[in-house]
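Structure for this input, please:
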Amino acid sequence: MAISAEQQIETELVEASRAGNQEAFSGLYDLYIKKIYNFIYYKTLNRVVAEDICSEVFIKVWQKLWQFKSGNFSAWLYTIARHKIADHYRREQQYFNIDDCWDLADKHDFLEQIDNGLNFDKVRVALSALKKEEREILIMRFWMDLSFKEIAKQLDKNEGSIKMSCGRALKKIKNNMPLAIFMIVPGLINIWKSVN
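As a prediction, this is how the structure comes out:
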């Protein structure tokens, strides 16, 4: 199976970074910073916290890059991000389920951005009916605007199973999701229509 030019560049940057090349690591940082930041933000819904955790992730990657031998660098990077998010909630909110921390975010930062008085709790309830992985796939697909291929790569799964999980999740929430979700996640409208 041939690897893409992007995968080749990533592999070269990883190898050079592992050898201590800071410029190559800067290239990896540029390649992933926006994706990792968005991933963390949608798990915390707080800009300052997301920035802090994102910094922690890339510091950890630099410190532990020698441990990455081969395989899916993107999945390894997202695993570190998930652990750092869990660490944050472990420190800040000791009494919550940190394994699935999408719903533990500081509501104030996010709700201040919603100026039309939407009831985000209804959205939260509808998403709570989903499995952790289904929720994560929906967040990555519709809030972070990642392709199924990118999600599959990050979760180290095949693209077909990601599509199936996404479809099942949308069907589960179809009857329970309030119209508010369309205003919060405008890109979901087109997908919603395709499910109907």
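
care to break the chain down by domain?
The chain is divided into the following domains under automatic domain parsing: 1-105, 114-196.

can you tell me which of the ones you listed the model trusts least?
Among the domains of the chain, domain 114-196 has the lowest mean pLDDT, at a mean of 68.

which residue ranges form the helices in the chain?
5-18, 22-44, 47-64, 73-92, 107-111, 120-128, 132-138, 148-155, 159-174, 180-184, 188-195 (DSSP state H).

want to try TSV for these, with mean neighbour count as columns?
The C-beta positions use only the backbone N, C-alpha and C, and glycine is treated the same way. Output for the helices of the chain, formatted as TSV (neighbours: other Cβ atoms under 10 Å):
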stretch	mean neighbour count
helix 5-18	15
helix 22-44	18
helix 47-64	16
helix 73-92	18
helix 107-111	14
helix 120-128	16
helix 132-138	20
helix 148-155	19
helix 159-174	16
helix 180-184	16
helix 188-195	12
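
how close does the spatially closest residue to Gln154 that is not a sequence neighbour get to Ile173?
Distance criterion Cβ to Cβ, 6 or more residues apart in numbering; nearest residue to Gln154, sequence neighbours excluded, is Tyr78 at 4.8 Å. Remark: distance between Tyr78 and Ile173 (Cβ to Cβ, to the nearest Å) = 24 Å.

unless I'm mixing things up, Arg47 is touching Tyr41, no?
Yes: judged on Cβ atoms under 8 Å, Arg47 makes contact with Tyr41 at a distance of 6.8 Å.

which residues do these two both contact?
Shared contacts of Arg47 and Tyr41, defined by Cβ atoms under 8 Å, 6 or more residues apart in numbering, are absent.

Look up how far Arg47 lies from His88.
14 Å.

got it, and Lys171?
33 Å.

can you check Asp87 too?
Taken as Cβ to Cβ, the span from Asp87 to Arg47 is 19 Å.
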